[in-house]
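Participant: Turn this into a structure:
(chains A and B)
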Amino acid sequence: MSAVFEVINLKKAFGGLVVTNDVSLSMMAGDRVALIGPNGAGKTTFVNLVTGALKPSSGEVRLRNEPVTRIGPTGRVQRGLVRSFQVTRLFQDMTPAEHVGLAVLQRTGKSAQLHGNFLTRPAVMEEVDDLLERLGLYALSHRKVREIAYGQQRLLELAVALALKPSVLLLDEPAAGVPQSDTGRIEEALANLPADLAVLMIEHDMDLVFRFAKRVIVLAAGTIIFDGLPADVTKDARVREAYLGSYANAGLKA
Amino acid sequence: MTEKTNSTSTASAETSRTRLRAGFIRRDLYGVAAIVIVAAAGYVLFPDNLALLTRIIAIALLVLSLDLVTGYCGVATLGQAALFGSGAYAAGILSAHYGINDPLLMTLGGVFAGAVAGLVCGIVMLRAHGLPQLVLSIALVYLFHEFANKASSWTGGSDGLSGIVLDPLFGLYEFDLFGHTAYFFGVVLLLIVFALLRIVVRSPFGMLCRGIKEDPVRIRALGASPHKALIKIYIISGAVAGTGGALSAISTQVVALDALSFTQSAEALVMLVLGGTGSLFGALVGTVIFMLFEDFVSAANPFHWLTMVGALLIAVVLFAPKGIFGTVQDLLSARRNRTGETRP
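Facilitator: Next comes the predicted model:
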């Protein structure tokens, strides 16, 4: 089986400051990978390089064996690389149905149509209803986003990403800012992600990492210092050195 | 058991879809009816002032076009009259220089020229964001103005373009001195544009535009290009503004440089803010109120009418920041919520 997502010797320097140094990784369909690292490790830069928001100094990004390094952010989304945002970015005045509907229309190439309304289109709405139902948001379909709870907004963010039918999903701290009482539902949604989807999760919450990920990658000072099983990550001397204490302890507890 | 719940939920989803669609059509019909009633009332109340009413319609088309880019997409511009004026000059030049005097062809010419001007302005303005974008829009309208001024063999320069002759509409209705035909022509144009724009703002593309206004980064993450969509809305906006320009050229049979002016652009923005951005009715309400107010107040007190217009604007911005239409709509929906009714 060939890799669905590959990063090869990716490097980014701002002037003399190297923020991403020779990062390589590859993912297969169905992978569940967590990318962790202390603050300032270059996780955000890595995400921006991968999604196309930043141009790398050198190196390559490949999606399903196609090099996409020269393709812009929208082109990468169209080729199946979808991201979610660390801080929810939703349209406050729109409803969950409109969000998911817009994503479905965009995926099917109909978002530029000048007539008709998706709310009355069975083909689109069946998919919208189905996705919202799966994430437990169906009852809120036609409420404005500003009126729904933050935890539900995080789930909607996930629904929008899934509506684009990605082959690789980048989750940027999917549970960030969600009250403890609601994290269960987010984790449930994460556990129910499509089996053939390759998921790369950037996360701080180590409990979540250990429950979700089958593989952990540790980034420190722009370099990958560990790539392996979750069980081994806390035993790794370099990781301990990079992190110091608290996270490693949380891992041992779990 | 699960099958049963599924089928009932599908059925209820279907009825709610039908209801939604019925709601859209009903609101569209209300809108069309409102325009027809106001137009008829204007005709009955001001039979001697049809020229003013026709001018209001032409400017309303300009303000609608501005609403598309500013209200729906969040692009700030003080150069919208460039598109309006292009339509006016195109319609005028067709008649004055090419002898194409059919009002429908002249209008089509205005629509086309407006759309092309929209494309040009869009390509230039969308290179920038925020304040630089606003400055570019002002620069553009001055360039268009100066171009029309210098190309005086085509446009008549500062004397204005005259020599516009009109064939009867459909070969039947002469454009009379009192402006009856021009007024009816304008009302019908407005109704057509309004109906088409209702369809556009509700379409997938309209929703995409609303999304771009709120968060272009999010739209990009959906795989859609905000830039492409904005160019497209600029072309549509240009066509609408061009329609207004053509109507103005046809109804007055002259085109003055004012049609391309910064002042006209700024006034259009004022009207839009007055009525309420982001809704087609807001644009219409703002235009009608501003222009009638201007007309009455300037007749009543020719020395201080601008002061009064300024005072009205300040009052609206301070006490009704969503504009007159937006505020009335909010009040109505608040009352409906109190009485316990829910919107379909």
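Participant: element containing the residue of the stretch 1-150 of chain A found nearest chain B, please.
Facilitator: Using CB to the nearest CB, A:V77 is the residue of the stretch 1-150 of chain A that sits closest to chain B, at 3.3 Å. Using the backbone N, CA and C atoms, a C-beta is placed for each residue, glycine as well. Using DSSP states H and E, A:V77 sits within helix A:73-78.
Participant: Counting by contacts, list what that helix packs against.
Facilitator: Of the remaining helices and strands, those touching helix A:73-78 by 3 or more CB pairs under 8 Å, 6 or more residues apart in numbering or on different chains; DSSP states H and E are helix B:216-221.
Participant: Of all the residues in the helix it packs on, which ones are buried?
Facilitator: Within helix B:216-221, the residues scored as buried using 16 or more other CB atoms under 10 Å in any protein chain shown are B:216, B:218-221.
Participant: so who does B:A148 touch?
Facilitator: For B:A148, the contact set (CB atoms under 8 Å, 6 or more residues apart in numbering or on different chains) comprises B:85, B:89, B:155, B:157, B:257, B:260.
Participant: For chain A, just list every one of the helices.
Facilitator: Per DSSP state H, chain A carries helices over the ranges A:43-51, A:73-78, A:96-107, A:122-134, A:150-163, A:180-191, A:206-212, A:230-233, A:237-243, A:246-253.
Participant: and what of the stretch 51-200 of chain B?
Facilitator: Taking DSSP state H, counting those that start in this stretch as the criterion, the stretch 51-200 of chain B carries its helices at B:81-98, B:103-125, B:130-150, B:152-155, B:180-202.
Participant: Need the contact partners of the shortest one.
Facilitator: Pointing back at helix B:152-155 there. B:89, B:93, B:97, B:148-149, B:158-159, B:161, B:255, B:257.
Participant: okay, those residues in CSV with pLDDT next?
Facilitator: Below are the contacts of helix B:152-155 laid out as CSV (pLDDT from 0 to 100):
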residue, pLDDT
B:Y89, 95
B:I93, 92
B:H97, 87
B:A148, 91
B:N149, 91
B:S158, 85
B:D159, 85
B:L161, 85
B:V255, 91
B:L257, 90
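Participant: so, if you compare those, which one comes nearest to chain A?
Facilitator: Ranked by distance to chain A (CB to the nearest CB), the contacts of helix B:152-155 are led by B:Y89 at 27.1 Å.
Participant: hang on, isn't A:V50 packed against A:R62?
Facilitator: No - contact criterion CB atoms under 8 Å: A:V50 and A:R62 do not qualify, at 10.7 Å.
Participant: Give me the common contacts of those two.
Facilitator: Residues touching both A:V50 and A:R62 by CB under 8 Å, 6+ apart: A:V7.
Participant: Neighbour count for the two, which is higher?
Facilitator: More crowded of A:V50 and A:R62, by other CB atoms under 10 Å in any protein chain shown: A:V50, with 25 against 17.
Participant: and the more buried one, what is it in contact with?
Facilitator: A:7, A:10, A:61, A:81, A:170.
Participant: Please repeat the previous calculation with a cut-off of 6 Å.
Facilitator: With contact taken as CB atoms under 6 Å, 6 or more residues apart in numbering or on different chains, A:V50 is in contact with A:V61.
Participant: gap between A:E173 and A:L102?
Facilitator: Noted for A:E173: a distance of 23 Å to A:L102, by CB to CB, to the nearest Å.
Participant: typo on my end, it should be A:A231
Facilitator: From A:A231 across to A:L102, the span is 41 Å (CB to CB).
Participant: When those two are compared, which one has more neighbours?
Facilitator: It is A:L102, of A:A231 and A:L102, that has more neighbours when counted by other CB under 10 Å, with 27 against 10.
Participant: so how far is A:E188 from the closest residue in space to B:M291 that isn't next to it in sequence?
Facilitator: Leaving aside its chain neighbours, B:M291 sits nearest to B:I56 (4.8 Å; criterion: CB to CB, 6 or more residues apart in numbering or on different chains). Separation of B:I56 from A:E188 (CB to CB) stands at 58 Å.
Participant: Tell me which of these two has more neighbours.
Facilitator: Neighbours per residue, other CB under 10 Å: of B:I56 and A:E188, the larger number sits with B:I56, 22 against 12.
Participant: quick one: low-confidence parts of the chain?
Facilitator: In the absence of a named chain, this looks at chain A. Along chain A, segments meeting pLDDT under 70 span A:1, A:118, A:244-254.
Participant: was after chain B, sorry
Facilitator: By pLDDT under 70, the weakly predicted segments of chain B are B:1-14, B:339-344.
Participant: and the residue of the stretch 1-150 of chain A closest to chain B, what does it touch?
Facilitator: Taking CB under 6 Å, 6+ apart, we find A:V77 in contact with B:G223.
Participant: can you tell me if stretch B:201-213 touches chain A.
Facilitator: Yes - using CB under 6 Å from any CB of the partner chain, we find that stretch B:201-213 touches chain A at B:202-205, B:207-208, B:211.
Participant: Including distance to B:S279, neighbour count and secondary structure, could these go into CSV?
Facilitator: As requested, these are exported to CSV (distance: CB to CB, whole Å; neighbours: other CB atoms under 10 Å in any protein chain shown; DSSP: H, G, I helix; E, B strand; the rest coil):
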residue, distance to B:S279, neighbour count, secondary structure
B:R202, 12, 20, helix
B:S203, 16, 21, coil
B:P204, 19, 24, helix
B:F205, 17, 21, helix
B:M207, 15, 22, helix
B:L208, 18, 25, helix
B:G211, 17, 26, helix
